[in-house]
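Enquirer: would you be able to build a 3D model of this:
(chains A and B)
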Amino acid sequence: MPITKDMELPIEPLKIDGPAVRGMNARKEDNNNKPIEVAKLVAAYEPIKAKVIDGLKRLAAITY
Amino acid sequence: MAAVVDVRRFSERQEFLTSIGEDLLKPSIQQGNLIVFRIGRMKVLTEAYFILNECYKAWRITPGHFTEDPKVAALTCAAIIKIVPYRPQTLNMAKTVGEFKCNEIYALNCASAILGIPLISDEFKEDFWLRLLEILSDIKCRTLDAFVNDVSAGQQKDLAFYVRDIDPEDYLGINSLITIFELLCSKHKKSKLSP
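Expert: Numbers count the residues shown, from 1 in each chain, chains lettered A, B, ... in the order given. Predicted coordinates:
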């Protein structure tokens, strides 16, 4: 990889283009969830609900 | 106003950032001669970091306290994205993520070194790391605009001149990076503790 001692002023954002730019911007993520079922959300939330509420209460009560 | 940083700390940090930059010379990371390391910008990058650190400390840190590692990592990344020490050889022909995101990859390399954790790991999907590169790309670091403009115009003043309030437009980027690095550190500690 070349190294340059030249600062190459001005310092400004690069305008890069090419297949990597277009490919990365257009990419799809590795994502394949099942449709969410509210009953499952409720079942998952119930056991942690008290802890969540307690944490949020502490956060909300911070006073300056 | 007191000096922003003493000569020894400055010189050590510049050497540290430069040596990590030179790691990217290794052909295993960047293939061929696809990117250019503008080593002439390393002094400015180090200055940018220390200015930003002073701005951050005035915003969020009790006087006399030192900045914690995830915050150092986040501010270093923000300074790197602003100073742009790397560029692809050919700006309009980037074929690899290594060319397109050369500064973001360098920033992650520095963050890894500062945090002492292998940031690029299999613990997360590739999507996570690509998204993190994009978050880094979106860091604007307006707080350093005056410094960068003066450096570009050859009219740089004493570093203390550029210590000011963090630009509100930078809150999201800086807060996000700190939070991400804190979570990554926490996850790394937990995974080290588990058998």
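
Enquirer: how close does the residue nearest to the spatial centre of chain B sit to A:Ile53?
Expert: When Cα atoms, centre = their mean is applied to chain B, the residue found nearest the centroid is B:Cys77 (1.8 Å). Using Cβ to Cβ, to the nearest Å, B:Cys77 is found at 35 Å from A:Ile53. For every residue, glycine as well, the C-beta is placed using N, CA and C.

Enquirer: same check on B:Tyr86?
Expert: Per Cβ to Cβ, B:Tyr86 is found 47 Å from A:Ile53.

Enquirer: what's the answer for B:Leu115, then?
Expert: From B:Leu115 across to A:Ile53, the span is 33 Å (Cβ to Cβ).

Enquirer: so for these two, which sits in the more crowded spot?
Expert: B:Leu115 (18 against 10; other Cβ atoms under 10 Å in any protein chain shown).

Enquirer: the more buried one and B:Asp69 touch, don't they?
Expert: Yes - using Cβ atoms under 8 Å, B:Leu115 is in contact with B:Asp69, at 5.6 Å.

Enquirer: who touches both of these two?
Expert: Residues touching both B:Leu115 and B:Asp69 (Cβ atoms under 8 Å, 6 or more residues apart in numbering or on different chains): B:181, B:185.

Enquirer: paired strands for the helix or strand of chain A with the lowest mean pLDDT, with orientation please.
Expert: Every helix and strand in chain A was compared by mean pLDDT, DSSP states H and E; the lowest is strand A:3-4, with a mean of 92. Neighbouring strands of strand A:3-4 in its sheet, by DSSP bridges, are strand B:35-38 (parallel).

Enquirer: next helix or strand past the partner strand?
Expert: Later in the chain than strand B:35-38, the nearest helix or strand by DSSP states H and E is helix B:42-60.

Enquirer: is chain A within reach of that following helix?
Expert: Yes - legend: contact between helix B:42-60 and chain A by Cβ under 8 Å from any Cβ of the partner chain is shown at B:Val44.

Enquirer: repeat for stretch B:106-122
Expert: No - on the criterion Cβ under 8 Å from any Cβ, stretch B:106-122 is out of touch with chain A, staying 11.4 Å away.

Enquirer: can you give me the buried ones in that stretch?
Expert: B:106-115, B:117, B:119 (16 or more other Cβ atoms under 10 Å in any protein chain shown).

Enquirer: what lies in contact with it?
Expert: By Cβ under 8 Å, 6+ apart, the surrounding residues in contact with stretch B:106-122 are B:16-17, B:20-21, B:23-24, B:69-70, B:72-74, B:76-77, B:80-81, B:85-86, B:129, B:132-133, B:136, B:181, B:184-185, B:188.

Enquirer: can you list the residues of chain A near chain B?
Expert: With Cβ under 8 Å from any Cβ as the criterion, chain A comes near chain B at residues A:1-21, A:24, A:27, A:29-31.

Enquirer: A:Lys5 touches B:Gly40, doesn't it?
Expert: Yes - A:Lys5 lies in contact with B:Gly40 (Cβ under 8 Å); the separation is 4.4 Å.

Enquirer: neighbour count for those two, which is higher?
Expert: Between A:Lys5 and B:Gly40, counted using other Cβ under 10 Å, B:Gly40 has the larger neighbour count: 15 against 10.

Enquirer: rounded mean pLDDT for the particular helix or strand that has A:Val42 in it, please.
Expert: Assigned by DSSP H and E, A:Val42 belongs to helix A:38-60. Averaged across helix A:38-60, pLDDT comes to 96.

Enquirer: so how far is it off the chain centroid?
Expert: Taking Cα atoms, centre = their mean, to the nearest Å, one finds helix A:38-60 lying 22 Å from the centre of the chain it belongs to.

Enquirer: check stretch A:33-46 too.
Expert: Per Cα atoms, centre = their mean, the centroid offset for stretch A:33-46 relative to its chain is 22 Å.
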